[in-house]
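1. quick one: sequence plus predicted model below, questions after.
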Amino acid sequence: MNHCGTQRLETERLILRRFVIEDADAMYKNWASDDEVTKYLMWPTHTSIDVSKSVTEDWVNSYTDEKFYQWGIILKEHGDEPIGGISAVHMNEEVSMVHIGYCIERKWWHKGITSEALKAVMDYFFEKVDVNRIESRHDPRNPYSGKVMEKCGMKYEGTLRSSDWNNQGICDACYYALLKSER
């Protein structure tokens with residue numbers, strides 16, 4: 001893998017960029033404090049702006065590591081305020097694999113925004129970082145997340161029963177992946 005860190009990406013409707021400290025308010029307001037957004041995630045709903053500030057500070061400090069990939073999702077028509085985030089939540093260098101996670105503000109669900117962001121990040125990882133495998137997973141009670149993966153060309157690989165956990169407790173995990181050779 002040829003790590004080059006979180007670089008600015010742009011699509012037709014989106015800018016994917018590094019978070020800055022000033023994004024903490026938007027993170028808290030737009031998605032991190034919403035129990036519906038965090039329902040199937042592995043991190044707890046933020047209970048105060050201080051939690052969002054702490055997370056944002058950690059991310060900003062981590063950008064010095066070229067193996068750290070965390071983007072804010074900016075809808076161009078909405079200004080410079082992030083409406084969500086997308087990141088490499090796990091990597092396995094031995095098999096050249098990244099696992100991607102994402103979430104966005106509820107009012108932007110079902111508009112193709114997450115798929116557009118995921119596609120841009122997948123292209124970046126295949127073309128710039130030279131990964132061989134990109135994977136993601138979702139709780140089967142959250143099928144729309146799987147639709148995002150399918151829309152980006154990922155193939156369903158199976159469901160691992162009681163193999164994961166999220167804010168709902170122990171759960172099944174539906175895995176999707178795409179190999180560089182399948183693009």
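-> Structure's in. What do you need?
2. for the nearest residue to F126 once chain neighbours are set aside, what are its contacts?
-> Leaving aside its sequence neighbours, F126 sits nearest to K180 (Cβ to Cβ, 6 or more residues apart in numbering; 5.2 Å). All C-beta atoms are positioned from the backbone trio N, CA, C, and that covers glycine. Contacts here follow Cβ atoms under 8 Å, 6 or more residues apart in numbering; on that basis K180 touches F126, D130, V131, N132, R133.
3. pull the number of nearby residues for the second one.
-> One way to gauge burial is a neighbour count; for D130, by other Cβ atoms under 10 Å, it gives 13.
4. tell me which element the residue nearest to it when sequence neighbours are not counted falls in.
-> Excluding the flanking residues, the one nearest D130 by Cβ to Cβ, 6+ apart is N2, at 4.7 Å. Using DSSP states H and E, N2 is not contained in any helix or strand.
5. same question for the one 5 residues further on.
-> Following DSSP H and E, one finds Q7 outside all helices and strands.
6. pretty sure it contacts F125?
-> No. Using Cβ atoms under 8 Å, Q7 makes no contact with F125, being 11.2 Å away.
7. same drill for the two, tell me which one is more crowded.
-> Per other Cβ under 10 Å, whichever of Q7 and F125 has more neighbours is F125, with 23 against 13.
8. quick one, what contacts the more buried one?
-> With Cβ under 8 Å, 6+ apart, F125 has these contacts: Y69, A88, V98, I100, V131, I134.
9. ok, and the most crowded of the residues you listed?
-> Counting by other Cβ under 10 Å, top hit in the contacts of F125: I134 with 28 neighbours.
10. pLDDT of whichever strand or helix holds it, averaged?
-> Element membership for I134, per DSSP H and E: strand 133-138. For strand 133-138, the mean pLDDT works out to 98.
11. who does it touch, helix- and strand-wise?
-> If you count contacts as 3 or more Cβ pairs under 8 Å, 6 or more residues apart in numbering; DSSP states H and E, strand 133-138 packs onto strand 97-104, helix 143-151, strand 169-179.
12. thinking again about what came up before, now the two most distant members of the contacts of K180.
-> D130 and R133 (11.5 Å; Cβ to Cβ).
13. intersection of neighbour lists for those two?
-> S96, K180.
14. of the contacts of K180, closest to H110?
-> Taking these together and measuring to H110 by Cβ to Cβ, the closest member is F126, at 26.3 Å.
15. three-state assignment of the closest one?
-> At F126, secondary structure determined by DSSP: H, G, I helix; E, B strand; the rest coil is helix.
16. since we're on it, how many residues are nearby?
-> F126 has 18 nearby residues by other Cβ under 10 Å.
17. can you tell me the closest non-neighbouring residue to Y69?
-> Here the residue nearest Y69, using Cβ to Cβ, 6+ apart, is A88, at 4.0 Å.
18. nothing else from me, thank you.
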